[in-house]
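Undergrad: A predicted structure for the sequence below; I have some questions about it.
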Number of protein chains: 2
Amino acid sequence: MRVTYHPIGSIHSPFKDLKDMPIQPTGQASAPGIAEVLPEFAEGLKDLEGFSHVILLYHLHAVRRVDLTVTPFIDSEVRGVFATRAPTRPNPIGLSIVELVRVEGNRLYLGNVDILDGTPLLDIKPYVPEFDQPEAARAGWLEARRGQVRSVKSDERFS
Amino acid sequence: MRVTYHPIGSIHSPFKDLKDMPIQPTGQASAPGIAEVLPEFAEGLKDLEGFSHVILLYHLHAVRRVDLTVTPFIDSEVRGVFATRAPTRPNPIGLSIVELVRVEGNRLYLGNVDILDGTPLLDIKPYVPEFDQPEAARAGWLEARRGQVRSVKSDERFS
């Protein structure tokens, strides 16, 4: 079975290279960016203003391979790829929860992105705490390394 | 531009019909389910045990149309589709954050799913509070209706 999607727009950011990027929107190195949808989809952005955060789904277009096991940026052990956020996934779909600053026409101004410039955008969903914020979540192997998330940057390992 | 993915497995649930489903995993009507990956991807599940929650991305295969504006289950006003979680999106990718009970071989046993039986699975990501839990999030038009999320069920409007 094959699933085919068409990007609804693209993401603009200061990050032109997979190296030296923030590894998540919450990283210190993250920067403002823009999600721009094609004019024909602008109507779908109605009512998004008022949400403080949005979930972006995007195609990790610069990733060229699949690794079922990876060594994450903030660990030194080999982990199953589905237990990490590494981009070398069987279906390279990226997910970021980012601050929505304002909406202007077909553009979302975002407070903090960790996304490569020119990335094809697949979907935008409103972030809703009642749906998306489980209480007392436990982060497995990442528990011991949660504090490092904000400071670690990417290197070339997934290029 | 076209983006093509191949499902990594599928989701098993008690929900055989788009009607009378929970509208989110946190709804009262949600039920245990299983995410089963194809045997060749089982290695990628390593280390997922220990995470209390996972993010599932899946293809909303039963949805047959796109609506840029929709009337959500828990509202009576027409909203832009990207300001809702309605399935009639330009790229019908579903996202649920669900409780991970245990991992057995190529199967994840899930505490609470809101997903149609037989849904093609695209990706599994660990839920990490540092990445995925913004503080003081504000839910736009949904703010006034947040309490209804747990009790409302689906009907036939997106079938």
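TA: Good, I have the coordinates. Computed from a prediction, not measured in an experiment: that's the story for all the values here. Residues are numbered from 1 along each chain as shown, chains lettered A, B, ... in the order given.

Undergrad: ok but residue A:123 is inside a strand, no?
TA: Yes. The secondary structure assignment for residue A:123 places it in a strand, going by DSSP: H, G, I helix; E, B strand; the rest coil.

Undergrad: what bridges to it?
TA: In this entry, residue A:123 is beta-bridged to residue A:57, by DSSP bridges.

Undergrad: so who does the residue most central in space within chain A touch?
TA: Nearest to the geometric centre of chain A sits residue A:96, at 2.9 Å (C-alpha atoms, centre = their mean). Shown in contact with residue A:96 (C-beta atoms under 8 Å, 6 or more residues apart in numbering or on different chains): A:24-25, A:55-56, A:58, A:113-115. Where C-beta positions appear, they are placed from N, C-alpha and C, glycine not excepted.

Undergrad: redo that, cut-off 6 Å
TA: In this structure, residue A:96 makes contact with A:25, A:56, A:114, judged by C-beta atoms under 6 Å, 6 or more residues apart in numbering or on different chains.

Undergrad: any idea what it is bridged to?
TA: Beta bridges link residue A:96 to residue A:56 when assigned by DSSP bridges.

Undergrad: same question for residue A:33.
TA: With DSSP bridges as the criterion, the beta-bridge partners of residue A:33 are residue A:110.

Undergrad: hmm, residue A:117 is touching residue A:16, no?
TA: Yes. The pair residue A:117 / residue A:16 is scored as a contact, 5.4 Å apart, by C-beta atoms under 6 Å.

Undergrad: show me which of the two is the more surrounded one.
TA: The neighbour count for residue A:117 versus residue A:16, taken as other C-beta atoms under 10 Å in any protein chain shown, is higher for residue A:117 (15 against 11).

Undergrad: against residue A:125, how distant is the spatially closest residue to the more buried one that is not a sequence neighbour?
TA: Leaving aside its sequence neighbours, residue A:117 sits nearest to residue A:13 (C-beta to C-beta, 6 or more residues apart in numbering or on different chains; 4.8 Å). Here the criterion is C-beta to C-beta, to the nearest Å. By it, residue A:13 lies 19 Å from residue A:125.

Undergrad: which of these two has more neighbours?
TA: In this view residue A:13 and residue A:125 are compared by other C-beta under 10 Å, and residue A:125 has more residues nearby, 25 against 20.

Undergrad: was I right to think that one contacts residue A:57?
TA: No. Here residue A:125 does not reach residue A:57: they are 7.5 Å apart, not a contact under C-beta under 6 Å.

Undergrad: using PDB, write down the CA coordinates of the lowest-mean-pLDDT helix or strand in chain A.
TA: When the helices and strands of chain A are scored by mean pLDDT, DSSP states H and E, helix A:129-132 comes last with a mean of 85. The C-alpha coordinates for helix A:129-132 follow below in PDB (Å, rounded to 0.1, in the frame of the first residue of the first chain):
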ATOM      1  CA  PRO A 129      -4.000  20.600  26.200                       C
ATOM      2  CA  GLU A 130      -7.000  18.300  26.800                       C
ATOM      3  CA  PHE A 131      -6.000  16.100  23.800                       C
ATOM      4  CA  ASP A 132      -2.200  16.500  23.700                       C
END
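
Undergrad: buried only: go through the contacts of residue A:96 for me.
TA: When burial is judged by neighbour count using 16 or more other C-beta atoms under 10 Å in any protein chain shown, the buried members of those are A:25, A:56, A:114.

Undergrad: mind listing the strands for chain A?
TA: In chain A, strands defined by DSSP state E lie at A:3-5, A:9-12, A:31-37, A:53-59, A:69-70, A:79-80, A:93-104, A:107-113, A:119-126, listed in chain order.

Undergrad: now those as a markdown table including mean pLDDT?
TA: Putting those into a markdown table (pLDDT from 0 to 100) gives the following:
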| stretch | mean pLDDT |
| --- | --- |
| strand A:3-5 | 97 |
| strand A:9-12 | 98 |
| strand A:31-37 | 95 |
| strand A:53-59 | 97 |
| strand A:69-70 | 94 |
| strand A:79-80 | 95 |
| strand A:93-104 | 95 |
| strand A:107-113 | 94 |
| strand A:119-126 | 97 |
